[in-house]
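>>> just need the structure, nothing else, for what follows:
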Amino acid sequence: MPDDQIVSSRRLLVPVKGIPLPDHIAEGFDAVSAFCPHPSDVLISSYPKSGTTWTQEIVDLLLHNGDAERCRRASIIKRHPFLEVSSHLFKESGLALLKEMDPPRVIKTHLPFQLVPDGFWENKCKTIYVARNAKDTVVSYHYFHQMNQTSPAPGPWEGYIQKFMRGQLGYGSWYDHVKGYWEEREKKNILYVFYEDMKENPRREVERLMKYLDLSLSDDVISRIVELTAFMTMKENPMVNYTFLPKTVFDQSISSFMRKGDVGDWKNHFTPEQSAEFDEDYKKKMKQVHIPFRTQL
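The predicted structure follows:
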């Protein structure tokens, strides 16, 4: 049995300050909330299925000068602890892994802005937020919920879209999540990255991340990082594709953790009626803010 996991069965969602979180995360949330990072720590945040793992791997390669072997030193969950995850899901909780590591550390979270421990802002930690358009996110999240045996069963697609629009999925409302970080990005020095921009011009976005991290790498190293983080390359990399978890956690015979990685795949899933209803709802929820999402390239 791989040492990265222990269990599992479908879990329930429990509200924490109004945000539905997996029960095993909600149970230990006080300890997560009290976590105090080092000022040199880097936080990578996103709503689930928005390009988190992709961004993590780019950052790891940037920090290790494009050394592919160095970035295969351990699975992604051990290199970049998942802040809020509990030992009910993996052998060690995110907090336990962080205690074993010396700063600077790269830390992953899916928490909405208001649930991120205050220490990240008090210590002025660098924070990278990666956001993906709502339609592709809901499609990817639906597939993820089918294969993730530790999450609530997603149910049929037509009902799942309604849950997404109502914010009734794990980590709550996508709309509030992306708006929360967007509205705080300047005050908190958050680098806001769009999945669609990464797909359109990966080199440009890798260079943006490099500059934000105060690094300076050669053009050759940047080119290598772009190649190493291409979708199909990562899909075959056992340190990032989550095949290190057993079927009792992620059953990838149902759907791959890294499924397609496309922009615009939503067109293969939404009916015209569903798309129209979703667009109308989107306009209402996003009318107070202009975040330049793109649903196709």
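>>> run the chain-centre distance for stretch 277-290.
Here the centre of stretch 277-290 is set off from its chain's centre by 23 Å, with Cα atoms, centre = their mean, to the nearest Å.
>>> what's next to that stretch, contact-wise?
Here stretch 277-290 makes contact (Cβ atoms under 8 Å, 6 or more residues apart in numbering) with 134-135, 161, 165, 173, 175, 179, 182-183, 270. Where you see a C-beta, it was placed from the backbone N, CA and C, and this is true even at glycine.
>>> what do you get if the cut-off is 6 Å, keeping everything else the same?
Stretch 277-290 has contacts (Cβ atoms under 6 Å, 6 or more residues apart in numbering) with 165, 175, 179.
>>> are we agreed that the first one is in a helix?
It refers to M165. Yes. Under DSSP: H, G, I helix; E, B strand; the rest coil, M165 falls within a helix.
>>> with adjacent residues omitted, what lies nearest to it?
D281 (5.1 Å; Cβ to Cβ, 6 or more residues apart in numbering).
>>> what's the closest non-adjacent residue to the residue most central in space within the chain?
Among the residues of the chain, the one closest to the centroid is T52, at 3.3 Å (Cα atoms, centre = their mean). Using Cβ to Cβ, 6+ apart and skipping the chain neighbours, the partner closest in space to T52 is S46 (4.5 Å).
>>> what comes up buried for the helix or strand bottoming out on mean pLDDT in the chain?
Lowest on mean pLDDT, DSSP states H and E among the helices and strands of the chain sits helix 231-235, with a mean of 86. For helix 231-235, burial by neighbour count (16 or more other Cβ atoms under 10 Å) applies to 234-235.
>>> then stretch 96-113?
Going by neighbour count (16+ other Cβ under 10 Å), the buried part of stretch 96-113 is 97-98, 101, 104-113.
>>> cool, stretch 143-157 as well?
By 16+ other Cβ under 10 Å, the buried positions in stretch 143-157 come out as 143-152, 154.
>>> what of stretch 156-169?
Quick answer for stretch 156-169 (16+ other Cβ under 10 Å): 160-161, 163-165, 167, 169.
>>> alpha carbons of it, as CSV, please.
Output in CSV follows, covering the C-alpha atoms of stretch 156-169 (Å, rounded to 0.1, in the frame of the first residue of the first chain):
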residue,chain,number,x,y,z
PRO,A,156,-26.2,13.3,-12.5
TRP,A,157,-24.7,16.1,-14.5
GLU,A,158,-27.9,18.2,-14.8
GLY,A,159,-28.3,18.3,-11.0
TYR,A,160,-24.6,18.9,-10.5
ILE,A,161,-24.7,22.1,-12.5
GLN,A,162,-27.4,23.4,-10.1
LYS,A,163,-25.3,22.5,-7.1
PHE,A,164,-22.4,24.4,-8.6
MET,A,165,-24.5,27.5,-9.2
ARG,A,166,-25.8,27.3,-5.7
GLY,A,167,-22.4,26.9,-4.1
GLN,A,168,-23.3,23.5,-2.6
LEU,A,169,-20.1,21.7,-3.6
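>>> what is the mean pLDDT for that stretch?
What stretch 156-169 shows for mean pLDDT is 96.
>>> ok, stretch 241-256 next?
Confidence for stretch 241-256, expressed as mean pLDDT, is 74.
>>> next, the buried residues of that stretch.
Of all the residues in stretch 241-256, those buried under the rule 16+ other Cβ under 10 Å are 241-246, 249-250, 252, 255-256.
>>> how about the helices in the stretch 101-250 of the chain?
Along the stretch 101-250 of the chain, counting by DSSP state H, counting those that start in this stretch, helices occupy 119-122, 134-147, 157-166, 174-184, 195-200, 202-212, 219-228, 231-235.
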